[in-house]
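Asker: Structure of the sequence below:
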Amino acid sequence: MVAIVETNADPNTPLIQLEQVGMAFGRQRVLREISLAIPRGQTLAIIGESGCGKTVLLKTIIGLLRPTEGQVDFDGRNLAQLGEKELTRQRIRFGFLFQQAALFDSMTIAQNVTFPLRHHTKKTSEEIRQIALDRLAEVGLPENILNKKPAELSGGMRKRVGLARALALEPEVILYDEPTTGLDPIMSDVINELILSASRHHPVTSVVVTHDMRTAQKVADRVVMLYPLSRLKPGDPQILYDGPPDRIERSDDHRVSQFVRGEAGERLMEMRQQNGR
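Answerer: Reported below is the predicted structural model:
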């Protein structure tokens, strides 16, 4: 059995709550006054250009980073107030698909997928193997890859193995960090479909960090766009957009519409001004 953890039974309480979260590394501030409430079952996409703090925000949600300001609550509990042992127990409720899949190179695919099951459950070897087969089948991978090493697989297959591992413990939350980066358009859409499938077949809350508008518009119920602090005026909100994906293209904020359309004109002018040209 998976270790039992305390849960907040009130379905009206957001599963994840960020209140005025700020993050700085030395003198470099990355996040400022971020407030978000993520309901259970929602798929939230966090978009924005490189350097706006998307991955840092993702890491604060799972407690890998502790904010320098504000607080992050998971299921009604302030993560910063939990001891390391209890924080580890709460993280079992998360699945994490890393940007480069982050598979263990020295392990087989079977060992990678079953790693969380072997460390966090008391299931038998046969039960663990069956779960691995079920999760691999769910992401469209055959049984004959079980004894292969990650280096023997394509980038898209490694991403799917990473998703199978993230699903192994039947998490309540899945965090996706740039799930389609480095993939061709067809494989990117395969990953998008698998994200949708995971949401349909599991009672899961999802947070997807991406710069890919096709991913955001296809998989998300809600989109939040961050902007780099270095390009904001003091007091300007870092969240430029928070709403449904089908309305983002009609945003009145030109910075949002430029990002959605991939227009570089204004940014090129800024870069030339910075370089004194």
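Asker: Run the chain-centre distance for the biggest helix by length in the chain.
Answerer: Looking across the chain with DSSP state H, the single longest helix is helix 185-201. Here helix 185-201 is found 14 Å from its chain centre; the criterion is CA atoms, centre = their mean, to the nearest Å.
Asker: Output the contacting helices and strands for the very next helix or strand once past that helix.
Answerer: Heading C-terminal from helix 185-201, the first helix or strand you meet, by DSSP states H and E, is strand 205-209. Packing partners of strand 205-209 (3 or more CB pairs under 8 Å, 6 or more residues apart in numbering; DSSP states H and E): strand 43-47, helix 54-61, strand 173-177, helix 185-201, helix 213-219. Heads up, the C-betas are built off the backbone N, CA and C, glycines and all.
Asker: can you list the residues that contact the longest helix of the chain?
Answerer: Contacts of helix 185-201 with the rest of the structure, by CB atoms under 8 Å, 6 or more residues apart in numbering, involve 43, 138-140, 155-156, 159-160, 163, 167, 174, 176, 179-180, 183, 204, 206, 208, 212, 214-215, 218-219.
Asker: re earlier: point out the most buried one among the helices and strands packed on strand 205-209.
Answerer: strand 43-47 (a mean of 25; mean count of other CB atoms under 10 Å).
Asker: what angle separates that one from strand 173-177?
Answerer: 20 degrees (axes from the mean of the first three to the mean of the last three CA atoms, to 10 degrees).
Asker: who does strand 43-47 pair up with?
Answerer: Using DSSP bridges, strand 43-47 pairs in its sheet with strand 205-209 (parallel), strand 222-226 (parallel).
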